[in-house]
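**Student:** sequence plus predicted model, see below.
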Amino acid sequence: MDTRTALLDSAERAARQRGFDAFSYADLARDVGIRKASIHYHFPLKADLAFGLVERYAARMSDQLADINNEDTPAAAKLRAFVAIYRDAMANGTQLCLCVALSAGRESLSEPVLDQLTQFHEDCAAWLSQVFAAAREDGSVIGVADPMDEADAVLALVEGAQLVARAAKDIRLFDRATTAFLARLAVADLN
C-alpha cells in the first residue's frame, strides 16, 4: 500500500471513530509509521486531507450505488441495500460514515470540502429519488409520495439514525429508527 493511501485510511478511521478535529498529523504519522513532515508532502494542509477523504469516499459510494443499480431487483430491494450501506458503515455502533462524521463537525472544514459534502448528499438524494420513482412503477414500496421528498427524508433518516446510535454506541438505535421505513418495503416480499 502506498503512503498516500495509508494516510487516507488512517485519517478516515480516525474521523469516523473520533471526528475530524479529534486527530492530528502527529497521530497519523504515528499510526502509519512515518515522520509528520512526510504527511505534508501528500497533504500540505488538513483541508487537503479532508478534500481527499471526501473525494475517495464519494467515489466509493458512487460505485456501491452503481452496483445496486446493476442488480435486477425491485426498487424496495435497492432501498434496503442503501439502508444497509449506512448500517454497515457504523461497525456495530462504534463509528459513523465519513460524510456524517464530517457534517457533524463542519465548522472546521474548508469551503471546497463543504461543497464536496453538499455534492455527496445531492448525489445520494438524486439516486434515491430515481429509486423511489422506480418504486412507484414497480409497486414495491408502500405509499410513495414525491420521489425527491422521499429521498430527502430517507437520507435524513439514515444519517440521523447514525448520529443517535453512535452517541449511545448502540446499533439497535439505528435499527429502531429505520424500522418503520423498512416496513414500507415489505410489500416487495409479498410479490
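**Tutor:** Structure's in. What do you need?

**Student:** residue contacts, V113?
**Tutor:** Counting by C-beta atoms under 8 Å, 6 or more residues apart in numbering, V113 makes contact with 47, 50-51, 54, 102. Every residue, glycine included, has its C-beta placed from N, CA and C.

**Student:** which SS class is it?
**Tutor:** Under the three-state scheme (DSSP: H, G, I helix; E, B strand; the rest coil), V113 adopts helix.

**Student:** name the nearest residue to it, ignoring sequence neighbours.
**Tutor:** Take V113 and drop its neighbours on the chain: the residue closest to it by C-beta to C-beta, 6 or more residues apart in numbering is A50, 4.5 Å away.

**Student:** before we move on, the earlier item: among the contacts of V113, which ones are in strands?
**Tutor:** Among those, no member falls in strands (criterion: DSSP state E).

**Student:** residue ranges with poor pLDDT in this protein?
**Tutor:** Applying pLDDT under 70 to the chain flags residues 186-191.

**Student:** quick one on the thing from earlier: could I get the contacts of V113 as a markdown table with neighbour count and distance to L182?
**Tutor:** Formatted as a markdown table, the contacts of V113 follow (neighbours: other C-beta atoms under 10 Å; distance: C-beta to C-beta, whole Å):
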| residue | neighbour count | distance to L182 |
| --- | --- | --- |
| A47 | 15 | 38 |
| A50 | 24 | 32 |
| F51 | 18 | 34 |
| V54 | 23 | 28 |
| L102 | 25 | 26 |
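
**Student:** next step: the residues you listed restricted to helices.
**Tutor:** 47, 50-51, 54, 102 (DSSP state H).

**Student:** quick one: which two of these are the most distant?
**Tutor:** A47 and L102 (11.7 Å; C-beta to C-beta).

**Student:** what residues are shared contacts of the two?
**Tutor:** 109, 113.

**Student:** who does the strand or helix carrying S10 touch, helix- and strand-wise?
**Tutor:** In this assignment (DSSP states H and E), S10 forms part of helix 3-18. Counting contacts by 3 or more C-beta pairs under 8 Å, 6 or more residues apart in numbering; DSSP states H and E, helix 3-18 is packed against helix 25-32, helix 36-42, helix 46-70, helix 98-104.

**Student:** adding distance to Q17, write those helices out as a markdown table.
**Tutor:** Below are these laid out as a markdown table (distance: least, C-beta to C-beta, whole Å):
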| stretch | distance to Q17 |
| --- | --- |
| helix 25-32 | 12 |
| helix 36-42 | 19 |
| helix 46-70 | 13 |
| helix 98-104 | 8 |
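
**Student:** would you tell me which of these gets closest to L163?
**Tutor:** L163 lies closest to helix 98-104 among the helices and strands packed on helix 3-18, at 6.6 Å (C-beta to C-beta).

**Student:** buried set for that closest one?
**Tutor:** By neighbour count with 16 or more other C-beta atoms under 10 Å, helix 98-104 contains the buried residues 98-103.

**Student:** what does that helix rub up against?
**Tutor:** Identification of contacts with helix 98-104 by C-beta under 8 Å, 6+ apart yields 12, 15-16, 19-20, 50, 53-54, 57-58, 95-96, 109, 113, 117, 120-121, 159, 162-163.

**Student:** much appreciated, bye for now.
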